[in-house]
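In: Here is a sequence with its predicted model. Questions after.
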Amino acid sequence: MKTVKVTYTTKAEFADQNQVNIRQVMADLQKLNHPGINYNACLLADGKTFIHTAFFNSEDDNKILFELPSFKYFQEELKASGPEMPPKQELLSLVGSSCNIFNS
């Protein structure tokens, strides 16, 4: 399993559009209903700092997200917006969960 956390801060004027782009990615992932991807995005109280947490059952599951057209669009838009703090990726090790992330 691979677990990734990404944190970044958008400019205030781009935060709403970023949320629209994230919701499109999530809608596409829900339609795809791929069992090896558990992806979440949250917004901090400042209204412009985002934290994404992704759990991938395998490296192939990670590739599925990165090949998704809505995810590519989300990334392009975010980069073009000139974020205040660019995305910082951290690899995490899952210690425990309140739910079974993957049925394996």
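Out: Sure, I can see it.

In: which stretches of the protein aren't confidently modelled?
Out: 103-104 (pLDDT under 70).

In: what do you get if the cut-off is 50, keeping everything else the same?
Out: Low-confidence regions of the chain, defined here as pLDDT under 50, cover residues 104.

In: For it, give the helix that spans the most residues.
Out: helix 15-32 (DSSP state H).

In: Please enumerate residues in contact with that one?
Out: 10, 37, 39, 41, 43, 47-48, 50, 64-65, 68-71, 73-74, 77-78, 81 (CB atoms under 8 Å, 6 or more residues apart in numbering). C-betas here are computed from N, CA, C, even on glycine.

In: what sits opposite the spatially most central residue of the chain in the beta ladder?
Out: Computing the C-alpha centroid of the chain and ranking residues by CA atoms, centre = their mean puts H52 first, at 4.2 Å. With DSSP bridges as the criterion, H52 is bridged to V6, A41.
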